[in-house]
Structure formats: structure tokens, C-alpha cells
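**Q** Structure for the following, please:
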Amino acid sequence: MRILVTNDDGINAPGLKVAEAVARALSDDVWVCAPAEEQSGAGHSLTLTRPVRLRRHDERHWSVTGTPTDAVMLAMKQVMPGLPDLILSGVNRGANLGDDVTYSGTVSAAMEGALAGIPAIALSQVYAREGMGDTVPFEAAEHWAEAAIRPLLDWPFPPRSLVNINFPPLKGDAVKGIRVVRQGFHDYARGSVVEGTDPRGYRYYWFGLYGIEHTPGHDTDLEAVADGYVAVTPLQLDLTMDAALAGLKARYA
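**A** Below you'll find the predicted structure:
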């Protein structure tokens, strides 16, 4: 089994090393291709207005001066000797829960794999506020990633689908288990914007990650992680609102 490991935190991110270690526990044919620098919040963006550089670190480790989507595309088209059998994206430093998946470069790298018909899994380590920066612990991901991934190795991924996995902010032995749950939703009306002034006296704004109200519902990824479980959520790329098709067609008849 050939595995491609990528992320959005960059080629030197500690979470990427965690994902690579998990991949090597599953296969001896592992390739790494990731953004040269952090691309958090890049979503499913593709670089179109400037050239993208590809750098070889060794035979199996490469970086790109672009987005996670760029990294997956170049890995499949330029780096690897053939298409991967599995894509692991992460382990992201921070949660990708609920509708945050639309912003996530981690999830979007897995989306690119899904578009190519390749089983793809996004991995994210939730952390407490006091664990910010380079001190984020990946213990839950280190202990539980392989257990969360193995049942998916022979699962028939539906077309244009992926699996999103989030690990709770706990030590490995404190995690209660794994739950398969649906996607939850946030209340973004309560999100924070941090205002400041730069050294030249100009005002700037920085979007804050905290202050967003989490509204866990029954059996969602938000609830599972809050309860101390690994959250496994199948996602699909078809965003069509099927329930509205008939009624909307009638308006144009």
C-alpha cells in the first residue's frame, strides 16, 4: 500500500512527523509532500497567479511553495511513481470540527484526494488554549491514530468522500474511545476579531480562534471530542441540497 502524507502546517510541523510515523506503521511505501510553510485556513485553494516551486529534501520527502491542494496535486503528478492508495493529511495542530472543515487546509488536502478517487483521511489534534504554539501535545493522536485508521483501510469509500478524524485534548490513556459521528455546527456570530496597531501606526485586524460558541448537538463531532472521544466523521463533497431541488424547480417552471 502506497501512502501519501501531507498537511497544512508545513513540512517541518511536528504533527506531520506524527502522521508519517502512523503511515509507516501501516506501510513501508510512504511519501511526504507538504507546503513549505504553514497554510492554515487556506481551504481548498489552488495557486494560479504565481509559479509553484517543488523542493526535494530526499527521495521520499518533498515540499511545495503553495497550498495543501498544490502539494497533493504535485505529489500525484510529479513526485510519486504512481498514485497513492491512501492519503493521510495532518496531524493538524488544532481542531477541524463542525463547519470549520470549509476553512481547513488539512481537510481540503484530503478533499483533493477524494476528487482523484483516492481514499483520504484528515487528522487533527484538538488542544486546550494553554497548549498553543509549539507546545501543542499530540499524545492523543500518537496513541489513537492507528486504531482510528485501521478499520478504514478496507472500507469502500463512497465516490467523492473522505473521513475527518479529530483527537481530543487529552493524554492518550485518558481518551475514552472512538465515536463515529456526524458533523456539528458552530455559532460564528460570537467569533472574535482582535484589533491592534502595527509599529507604523496602522490599524490591523486578526481573526481570533476563541470566543466562537460551540453548540454540540446529539451525536456530533463537537460533542464527541468534548466528551473525551476520538471523533470519526465521514464527509462528502456533493453539497447539493437534494431536499430543495423539487421545490426550486417548480419556481422556474
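**Q** doesn't Glu142 make contact with Val18?
**A** Yes. Assessed by Cβ atoms under 8 Å, Val18 is found in contact with Glu142 at 5.7 Å. To be clear about C-beta, it is placed using only N, CA and C from the backbone, and glycine gets the same treatment.
**Q** Partner strands of whichever strand or helix holds Leu88 and their direction?
**A** Taking DSSP states H and E as the criterion, Leu88 maps to strand 86-93. Its sheet considered, strand 86-93 pairs with strand 2-6 (parallel), strand 120-125 (parallel) by DSSP bridges.
**Q** Residues touching stretch 24-39, excluding its own?
**A** Applying Cβ atoms under 8 Å, 6 or more residues apart in numbering, the contact partners of stretch 24-39 are 1-11, 13, 16, 20, 23, 53, 55, 60-68, 70-72, 74-75, 79-80, 84, 86, 105, 146, 149-150, 153.
**Q** Out of the residues you listed, which sit inside strands?
**A** 2-6, 55, 61-64, 86 (DSSP state E).
**Q** what's the pLDDT at the spatially most central residue of the chain?
**A** For the chain, the residue nearest the mean C-alpha position is Thr106 (2.7 Å; Cα atoms, centre = their mean). The confidence metric pLDDT takes the value 97 at Thr106.
**Q** Relative to Ala95, how far out is it?
**A** From Thr106 across to Ala95, the span is 10 Å (Cβ to Cβ, to the nearest Å).
**Q** who touches both of those two?
**A** Ser124.
**Q** if we can go back for a sec, so Val18 and Glu142 - more neighbours on which side?
**A** Taking neighbours as other Cβ atoms under 10 Å, Val18 and Glu142 compare with Val18 leading, 22 against 16.
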